[in-house]
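Enquirer: take a look and give me a structure for this.
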Amino acid sequence: MRHVDFYKLSRPVQDQFVASARSTGVPGPLLKTPATTKKQLVWLGISGGAAAALALVYVIGFGTLGNPLAIHGTPLVAIYVALGFVIAFGILKAASHRRAIRALPYPAGIYVFPANLVDATAAKLKVFAMSDLVSSEPVAGPEPRFVLAFPGSAKFAFPIADLDQASALQRAFATAKSQLERALSTHDPRAMAALDPLYDSAFSSPIGPTAPLEANEPIWSRVPWGVAAAFALMAGPAIFWLRNVQSDNRLFASVSEANTVSAFHAYLDQGVHHRTVIEETLLPRAELREAEKPGTVEAIEKYQAEHPRTWIDGEVKASLRTALLAELEQAKKAGTLAALRDFVKRHPGNGLDAEIKTANHAVYVAALEAYRAHASEKDPAVVPFVERLLAAAEKSGPRVEVRFRRKVSKSLARADAAVSKSKMFQGVTSLPSRFLDEKHDAVREQALVASLAARFAEIFPTEILSLQPGELIADPEAPFPPVTASTFFVEHGFEWSGTLYPSKAPRGVFAGLIYSFDGSFRLADASVKPLRIKAEAWRPADLTTFKDEASADPPVKAKSADDTPEAHVYETMAKDAYEQYAKKAGGTFFKTVKQENAGKAKSGSR
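Expert: Residues are numbered from 1 along each chain as shown. A predicted model of the protein is given here:
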């Protein structure tokens, strides 16, 4: 192999080689393959690796509080300069190689001529004599290649269409070899020039240019190390300085965000550019923030006691108020009046009277909004009434009295008389009056109050509304007394329905009853129209309860006076009637379970 500098050849030889490489002159190439960008990629890879290393150095410790490399020391400037040099040098070499290939007057590549193989991927040509060819053989595969081997392990592979082309090439090489041997033996310059594009035949065109083509290589391509060094010496320290400034700013940003005493002290151990503002302003305030950190009023009060002459007294007072408001917010999150009362008890004289009043009101507003989702839609007057009821509770307290007035039955004596005349009359125990007295009324009234209270408690906490039994209105003819607090008056009674139910099992006779209820829910504000809830329940005697006992052998005996069939029948009638009224009263205010489920299903379908 020999090296030939293209730009040191004579102009005729240069022109001859260019024409041959372009397949416009003689000899034309038997095989050729274009130059690759491998060298460019290698240099770019080196440059990219150095850039990655510089990026890694840049970010090591960057803005990390407590890291000794958060601010790089002066000795590290050498690393920035060295990596900057490699980055610039790699880019310049890749650009130089690209420029050199594009500047060539011939297409860069590897060419096989009859006399030689020329590696013309650069201006420095590598020439292998075909007479030194060690082997030439095709290599089969998805992309067939024709491989030429020369001494020194130099191998060159050329793409071919198929193995038939390889056979043709072998014949062409044999022909070229014989032609070359004949030209060498005859010393015929024209014959040699027809086989070797680099052969100087000493013939030139009398009208063609005579001056050789020259390489025009810029200085950055000729001395890339010098340009890279100059760049590194300027850019390295600049990047080093910029990195430290940015890292210092990041440190300052991080400690400012942390806003703690320990963070500011940590910055003072490392930072440079923001020391004054931290020492004069941020650190003193951070000490107050430390007192605020527990989030308690007690911590701020302790800070006040320990710093009686602080220059930020206004900020301390503002901080105390903030802590009180924060604790009030926590009390408000519970959504209960009890939590707000506890706050006032723990912090008397807190100066938040307006805020506490607003918070109390919000509890009632939330209760009203929660009620709206469960409110019955039967009577449009109910929701406005409950709204006024809650307003009264907010002003006067949660207690709502349920007071009863018992109507005197006009037909009970006739029912007793009718029962006593029946063939199934069992004596005094059959008389309805025994089970429809004031003693039994009191028990049923208590049950009714408990049922209504439980229904209201499902929606309203007892601290908002609490239904409780009030004093009985003894005079059945007197009007309802003046209302000083929210009161649900319930006037109730019964009459004989005129029907008797004789029974053989159990043996006896029972009277059907009509229960009536007239409720009037009134507020202390006379401008609010009372809410009326009336109901009437016709109750026949249900004798199915005792069929099994009556048919037993021997018959089941009553354990007590309240365990007789009569007691159970009349109690069942009364219980059903009172439960029916409780259900109607509750349904006046609240949706039923069925209505709730229907509303959910409708909402889900949307």
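
Enquirer: which strands and helices sit next to the longest helix seen in the chain?
Expert: When the chain is parsed with DSSP state H, its longest helix is helix 224-258. When contacts are defined as 3 or more C-beta pairs under 8 Å, 6 or more residues apart in numbering; DSSP states H and E, helix 224-258 packs onto helix 38-59, helix 77-103, helix 261-270. C-beta: built from backbone N, CA, C; applies to glycine.

Enquirer: go through the next helix or strand after the last one and flag the buried ones.
Expert: Using DSSP states H and E, the helix or strand that directly follows helix 261-270 along the chain is helix 275-277. Using 16 or more other C-beta atoms under 10 Å as the test for burial, helix 275-277 gives no buried residues.

Enquirer: alpha carbons only: can I get whichever strand or helix holds Thr175 in CSV?
Expert: Element membership for Thr175, per DSSP H and E: helix 163-186. Provided in CSV are the C-alpha atoms of helix 163-186 (Å, rounded to 0.1, in the frame of the first residue of the first chain):
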residue,chain,number,x,y,z
LEU,A,163,-23.4,-14.2,-7.1
ASP,A,164,-23.6,-13.9,-10.9
GLN,A,165,-22.2,-10.4,-10.7
ALA,A,166,-19.4,-11.9,-8.6
SER,A,167,-18.5,-14.3,-11.4
ALA,A,168,-18.5,-11.4,-13.8
LEU,A,169,-16.2,-9.5,-11.5
GLN,A,170,-13.8,-12.4,-11.3
ARG,A,171,-13.6,-12.6,-15.1
ALA,A,172,-13.1,-8.8,-15.2
PHE,A,173,-10.3,-9.0,-12.7
ALA,A,174,-8.6,-11.8,-14.7
THR,A,175,-8.9,-9.7,-17.9
ALA,A,176,-7.5,-6.6,-16.1
LYS,A,177,-4.6,-8.6,-14.7
SER,A,178,-3.6,-9.8,-18.2
GLN,A,179,-4.0,-6.3,-19.6
LEU,A,180,-1.9,-4.8,-16.7
GLU,A,181,0.9,-7.4,-17.3
ARG,A,182,1.0,-6.7,-21.0
ALA,A,183,1.1,-2.9,-20.4
LEU,A,184,3.9,-3.3,-17.9
SER,A,185,5.9,-5.5,-20.2
THR,A,186,5.5,-3.1,-23.2
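
Enquirer: show residues contacting it.
Expert: Contact partners of helix 163-186, identified using C-beta atoms under 8 Å, 6 or more residues apart in numbering, comprise 30-31, 114-115, 130-131, 133, 136-138, 140, 144, 146, 160, 191-192, 194-195.

Enquirer: can you flag which of those belong to helices?
Expert: Those of the contacts of helix 163-186 lying in helices (DSSP H): 191-192.

Enquirer: may I see the PyMOL selection of the buried members of the contacts of helix 163-186?
Expert: If you want just the buried ones from the contacts of helix 163-186 in PyMOL, going by 16+ other C-beta under 10 Å, the selection is:
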select buried, resi 30+31+114+115+130+133+136+138+144+146+160+191+192+194+195
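
Enquirer: how much space separates Leu242 from Asp248?
Expert: Leu242 sits at a distance of 11 Å from Asp248 (criterion: C-beta to C-beta, to the nearest Å).

Enquirer: so between those two, which is more surrounded?
Expert: A direct count of neighbours by other C-beta atoms under 10 Å for Leu242 and Asp248 places Asp248 higher, at 19 against 12.

Enquirer: thinking that one is in contact with Ile71, fair?
Expert: Yes - between Asp248 and Ile71 a contact is recorded at 6.4 Å, counting by C-beta atoms under 8 Å.

Enquirer: for these two, list the residues in contact with both.
Expert: Common neighbours of Asp248 and Ile71 (C-beta under 8 Å, 6+ apart) are 271-272.

Enquirer: now the strands for the chain?
Expert: Applying DSSP state E to the chain gives strands spanning 2-5, 31-34, 109-112, 116-120, 124-129, 135-139, 145-150, 154-159, 399-406, 466-469, 487-504, 507-522, 531-539.

Enquirer: show me what counts as buried in the first one.
Expert: Read it as strand 2-5. Val4.

Enquirer: quick one: contacts of it?
Expert: So strand 2-5 is contacted by 123-127, 198 (C-beta under 8 Å, 6+ apart).

Enquirer: just the buried subset of those residues, please.
Expert: By neighbour count, with 16+ other C-beta under 10 Å, the contacts of strand 2-5 hold 123, 125-127, 198 as buried.

Enquirer: how many other residues sit next to the closest residue to Phe590 other than its chain neighbours?
Expert: The shortest distance from Phe590 to any non-neighbouring residue, by C-beta to C-beta, 6 or more residues apart in numbering, is to His374 (5.3 Å). Neighbours of His374 under the rule other C-beta under 10 Å: 15.

Enquirer: for Ala228, see how far away His374 is.
Expert: When His374 is compared with Ala228 (using C-beta to C-beta), they lie 80 Å apart.

Enquirer: same deal with Val118?
Expert: 32 Å.

Enquirer: how confident was the prediction at the residue in the chain sticking out farthest from the centre?
Expert: No residue in the chain sits farther from the centre than Thr186, which is 88.8 Å out by C-alpha atoms, centre = their mean. According to the prediction, Thr186 has pLDDT 83.

Enquirer: residues in contact with the closest residue to Gly84 other than its chain neighbours?
Expert: Excluding the flanking residues, the one nearest Gly84 by C-beta to C-beta, 6+ apart is Ala232, at 3.7 Å. Applying C-beta under 8 Å, 6+ apart to Ala232 gives the contacts 81-82, 84-85, 88.

Enquirer: and if you look at Val86?
Expert: 46-47, 50, 228.

Enquirer: which of the residues you listed sits closest to Pro308?
Expert: Ala50 (61.2 Å; C-beta to C-beta).

Enquirer: what count of nearby residues applies to the closest one?
Expert: Count around Ala50 with other C-beta under 10 Å applied: 20.

Enquirer: most tightly surrounded among the helices and strands packed on helix 224-258?
Expert: helix 77-103 (a mean of 19; mean count of other C-beta atoms under 10 Å).

Enquirer: tell me the angle of it relative to strand 124-129?
Expert: 60 degrees (axes from the mean of the first three to the mean of the last three C-alpha atoms, to 10 degrees).

Enquirer: quick check: the gap between Pro159 and Glu369.
Expert: Separation of Pro159 from Glu369 (C-beta to C-beta) stands at 81 Å.

Enquirer: and those two? Which one has more around it.
Expert: The residue with more neighbours, out of Pro159 and Glu369 and counting by other C-beta under 10 Å, is Pro159; that gives 12 against 9.

Enquirer: surely the more buried one touches Gly141?
Expert: No - Pro159 is beyond contact range of Gly141, at 10.8 Å (criterion: C-beta under 8 Å).

Enquirer: can you dump the C-alpha atoms of stretch 451-471 in PDB for me?
Expert: The C-alpha coordinates for stretch 451-471 follow below in PDB (Å, rounded to 0.1, in the frame of the first residue of the first chain):
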ATOM      1  CA  SER A 451     -89.900   7.900  67.400                       C
ATOM      2  CA  LEU A 452     -90.100  11.500  66.200                       C
ATOM      3  CA  ALA A 453     -86.900  12.400  68.100                       C
ATOM      4  CA  ALA A 454     -85.100   9.500  66.500                       C
ATOM      5  CA  ARG A 455     -86.300  10.500  63.000                       C
ATOM      6  CA  PHE A 456     -85.200  14.000  63.400                       C
ATOM      7  CA  ALA A 457     -81.900  12.900  64.900                       C
ATOM      8  CA  GLU A 458     -81.200  11.000  61.700                       C
ATOM      9  CA  ILE A 459     -80.700  14.300  59.900                       C
ATOM     10  CA  PHE A 460     -80.200  16.900  62.700                       C
ATOM     11  CA  PRO A 461     -77.600  16.500  65.400                       C
ATOM     12  CA  THR A 462     -79.300  16.900  68.800                       C
ATOM     13  CA  GLU A 463     -77.200  20.100  69.400                       C
ATOM     14  CA  ILE A 464     -79.100  21.600  66.500                       C
ATOM     15  CA  LEU A 465     -82.600  20.200  67.100                       C
ATOM     16  CA  SER A 466     -83.600  18.000  70.100                       C
ATOM     17  CA  LEU A 467     -87.200  16.900  70.400                       C
ATOM     18  CA  GLN A 468     -88.100  16.300  74.000                       C
ATOM     19  CA  PRO A 469     -91.400  15.600  75.900                       C
ATOM     20  CA  GLY A 470     -93.000  18.700  77.300                       C
ATOM     21  CA  GLU A 471     -95.700  19.200  80.000                       C
END
